[in-house]
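> Mind folding the following:
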Amino acid sequence: MIYLDYNATTPIAKEVVAEMKPFLEEYFGNPSSLHQYGVKTKLAVEKARSRIAQLINCDSSEIIFTSGGTESNNFAIKGYVLANKHQGNHIITSSIEHPAVFEVCEYLSKNGFSITYLPVDNYGMVNPEDLEKAIKPSTILISIMHANNEVGSIQPIVELTKIAKKHNITFHTDAAQSLGKTEVNVKDLGVDLLSIAGHKLYAPKGIGALYIKNGINLEKLIHGADHEQNLRAGTENVLEIAGLGKACEIAAKNLGKNIAHYAKTRDYLYELLQKSLPQIKLNGDLQHSLPNTLSISFPKVEANTLISRLENVAASAGAACHSESIDVSAVLEAMKVPIDYAMGTIRFSTGR
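Down below sits the predicted model:
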């Protein structure tokens, strides 16, 4: 079986399993306990926090652990706008966000907030001029993903954050797909909030993190004891936190090598597909996208049918075809991919 769905999830790296194993078999203490059992696990949590901070170039104190990318996005967006609603009620995002951002914005739109969804071009890119035009006096948050999960387009975050800073607006980016596949440096990007998902990074499912720039105030979503700097209640998931920390250490160490490998395998796959099926359509721009992601549209064929016949290949469909209709992804719709092509879109994503 050939696995080409690394954007959906990654296997847990062997080194990550080894890092986690002692906390499954031996070190079980509560990190909040003051005795040696607690101290051992507390040190593991802080070691992982430091490793994540080193990967994205921030202070350890700016990292909060969560249950994954979805919680990180919810906490960043809801937490910020609820804590700062006295300053305004307008949020700007893009039309190609992951549901973990889109659905949060939809929820907020029913609870007193106004949402603007920026369009994208045919390559899935946000135009900074559109962001400038969308800003209002009531705008308090901009949330634009770093890289798209379906077509891989990497947004011009640096240009977008410069606009946000000019207007003194806080900026959040969902980096679930980009971390470990391209450089993610919060200081260079200029972001105030950044979401991380462990299982996209060769760490386990059910663990993530949120970068919160010093000085940014969020309202808590989960109430209880004062864990995670009194920002997220609940005893820390030490086992998976240790795994995420190790995965981030590996990603930092091998980033250049991995990027080159991802691009080589992706480009080779595209070359083979082009030679065999010249009528296919590439979605996105390979020069401005994740090095591992290839979104291909096959004309006048249903993606589910194609995937069902790829018996030895694992990939994802960009459209769900039913008996009476074809549900094309919001990303492909926003990019204005013709329906004859959109219905036959498959995302191939390579890995290490």
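
> what residue is smack in the middle of the protein?
Ala176 (1.9 Å; CA atoms, centre = their mean).

> pLDDT wise, what is that residue at?
Looking at Ala176, its pLDDT stands at 98.

> just checking, it is part of a helix?
No. Counting by DSSP: H, G, I helix; E, B strand; the rest coil, Ala176 is not part of a helix but coil.

> Output stretch 36-51 as CSV, nothing but the C-alphas.
What follows is stretch 36-51, C-alpha atoms only, in CSV (Å, rounded to 0.1, in the frame of the first residue of the first chain):
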residue,chain,number,x,y,z
GLN,A,36,9.3,13.6,42.8
TYR,A,37,6.6,11.8,40.8
GLY,A,38,5.1,15.1,39.8
VAL,A,39,8.4,16.8,39.3
LYS,A,40,9.5,14.2,36.8
THR,A,41,6.4,14.7,34.6
LYS,A,42,6.4,18.5,35.1
LEU,A,43,10.0,18.6,33.7
ALA,A,44,8.9,16.5,30.7
VAL,A,45,6.1,19.0,30.0
GLU,A,46,8.4,22.0,30.2
LYS,A,47,11.0,20.2,28.0
ALA,A,48,8.4,19.7,25.4
ARG,A,49,7.2,23.3,25.6
SER,A,50,10.8,24.5,25.1
ARG,A,51,11.2,22.3,22.0
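
> my guess is Ala13 contacts Ala247, does it?
Yes. With contacts defined as CB atoms under 8 Å, Ala13 counts as touching Ala247 at a distance of 6.3 Å. Every residue, glycine included, has its C-beta placed from N, CA and C.

> Mutual contacts of the two, please.
With contacts taken as CB atoms under 8 Å, 6 or more residues apart in numbering, Ala13 and Ala247 have Tyr202, Ala203 as neighbours in common.

> Looking only at neighbour counts, state which of these two leads.
Legend: neighbour count by other CB atoms under 10 Å for Ala13 and Ala247, higher for Ala247 (30 against 18).

> State the distance from that one to Pro291.
The gap separating Ala247 from Pro291 is 18 Å, by CB to CB, to the nearest Å.

> how close does the residue nearest to the centre of the chain sit to Ala334?
19 Å.

> same check, this time on Ser109
Ser109 is 18 Å from Ala334, where distance means CB to CB.

> What of Val313?
27 Å.

> When these two are compared, which one has more neighbours?
Applying other CB under 10 Å to Val313 and Ala334 shows that Ala334 carries more neighbours, namely 20 against 15.

> mind listing what the nearest residue to that one once chain neighbours are set aside touches?
Counting by CB to CB, 6 or more residues apart in numbering, Ala334 lies nearest to Ser95, which is 4.2 Å off, once chain neighbours are set aside. For Ser95, the contact set (CB under 8 Å, 6+ apart) comprises Tyr117, Leu118, Pro119, Val120, Ala330, Ala334.
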